[in-house]
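Colleague: predicted model and sequence below, questions to follow.
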Amino acid sequence: MVDVDYGRVIYLVLLLLVVGSWVFVQNRQSLGNTVQQLAIWAFIFLGVIAGYGLWGDIRSTVLPQQSVIGDAGQIEVPRSNDGHYYLTLDVNSVPVSFLVDTGATDVVLNAADARRAGIDPDTLAYLGRANTANGEVRTASVWLDTISLGPITDTNVRVWVNQGELDQSLLGMSYLQRWSSIEIRSGSLVLTR
């Protein structure tokens, strides 16, 4: 059950009554105009609250997403606002968001994404080591049944699970080299198979 500070609630209600009474007394000559102004401010306040609450939906509608272009086996990914490229791949039939990292040698899953893809990070043997910008981390090699990007599916793909803290899974060169062409054109990353 939620603890309610009744003293604070009573104080806020009394404060609202005092301020409301003062507004009423000060503006009793033009009460209709005052009510109209209060209604306008209430609608502005509600509009700001609604805009804040719906921002995630608005942003996902306005910002472009990755798309498959025709039957040519191309994937076009718009550059994100932070200047990076993000791809969503199906890893063992589970969608996982990756940061495209041409500086990474391999595909690296963080523990949360590995768990969602059916890999238990707690049972892995972390025998590998990787040097990152944050220092050395331990890694475990696993083989994925499938990894799909749009209509293109690869099977038996070797990836690494990071034992350290990793916010975003990384899509490194071991996967990107499977594409015949990787180019950046007009602010978009275009992968061609």
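Modeller: Looks like it arrived, so ask away.
Colleague: how about Ser169, what does it touch?
Modeller: By C-beta atoms under 8 Å, 6 or more residues apart in numbering, the contact list for Ser169 reads 96-99, 107-110, 113. In this view, the C-beta of every residue, glycine as well, is placed from N, C-alpha and C.
Colleague: is it in a bridge, and if so with what?
Modeller: As for beta bridges, Ser169 partners with Phe98 under DSSP bridges.
Colleague: do you know the pLDDT at it?
Modeller: On the pLDDT scale, Ser169 is placed at 89.
Colleague: and the gap between it and Arg116?
Modeller: Distance, Ser169 to Arg116, using C-beta to C-beta, to the nearest Å: 10 Å.
Colleague: identify the contacts common to those two.
Modeller: Joint contacts of Ser169 and Arg116 (C-beta under 8 Å, 6+ apart) are Val96.
Colleague: related to what we said a few turns ago, of all the contacts of Ser169, which comes closest to Ile184?
Modeller: Checking the contacts of Ser169 against Ile184 with C-beta to C-beta, the nearest one is Leu99 at 15.2 Å.
Colleague: skipping adjacent residues, who's closest to that closest one in space?
Modeller: The shortest distance from Leu99 to any non-neighbouring residue, by C-beta to C-beta, 6 or more residues apart in numbering, is to Gln168 (4.5 Å).
Colleague: ok, how many other residues are close to the one you found?
Modeller: When neighbours are counted by other C-beta atoms under 10 Å, Gln168 registers 15.
Colleague: Val48 sits in which helix or strand?
Modeller: With secondary structure defined by DSSP states H and E, Val48 is part of helix 31-53.
Colleague: how far does that helix sit from its chain's centre?
Modeller: Centroid separation between helix 31-53 and its chain, computed with C-alpha atoms, centre = their mean, to the nearest Å, is 32 Å.
Colleague: quick one: mean pLDDT over it.
Modeller: Averaging pLDDT along helix 31-53 gives 81.
Colleague: please enumerate residues in contact with the helix or strand hosting Ala112?
Modeller: Element membership for Ala112, per DSSP H and E: helix 111-116. For helix 111-116, contacts defined as C-beta under 8 Å, 6+ apart pick out 91, 94, 96, 120-121, 142, 161-163, 166, 169.
Colleague: make JSON lines out of the residues you listed and add distance to Arg129 and secondary structure.
Modeller: Output for these, formatted as JSON lines (distance: C-beta to C-beta, whole Å; DSSP: H, G, I helix; E, B strand; the rest coil):
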{"residue": "Val91", "distance to Arg129": "23", "secondary structure": "strand"}
{"residue": "Val94", "distance to Arg129": "27", "secondary structure": "strand"}
{"residue": "Val96", "distance to Arg129": "23", "secondary structure": "strand"}
{"residue": "Asp120", "distance to Arg129": "21", "secondary structure": "coil"}
{"residue": "Pro121", "distance to Arg129": "16", "secondary structure": "helix"}
{"residue": "Val142", "distance to Arg129": "16", "secondary structure": "strand"}
{"residue": "Val161", "distance to Arg129": "13", "secondary structure": "strand"}
{"residue": "Asn162", "distance to Arg129": "11", "secondary structure": "strand"}
{"residue": "Gln163", "distance to Arg129": "10", "secondary structure": "coil"}
{"residue": "Leu166", "distance to Arg129": "14", "secondary structure": "coil"}
{"residue": "Ser169", "distance to Arg129": "18", "secondary structure": "strand"}
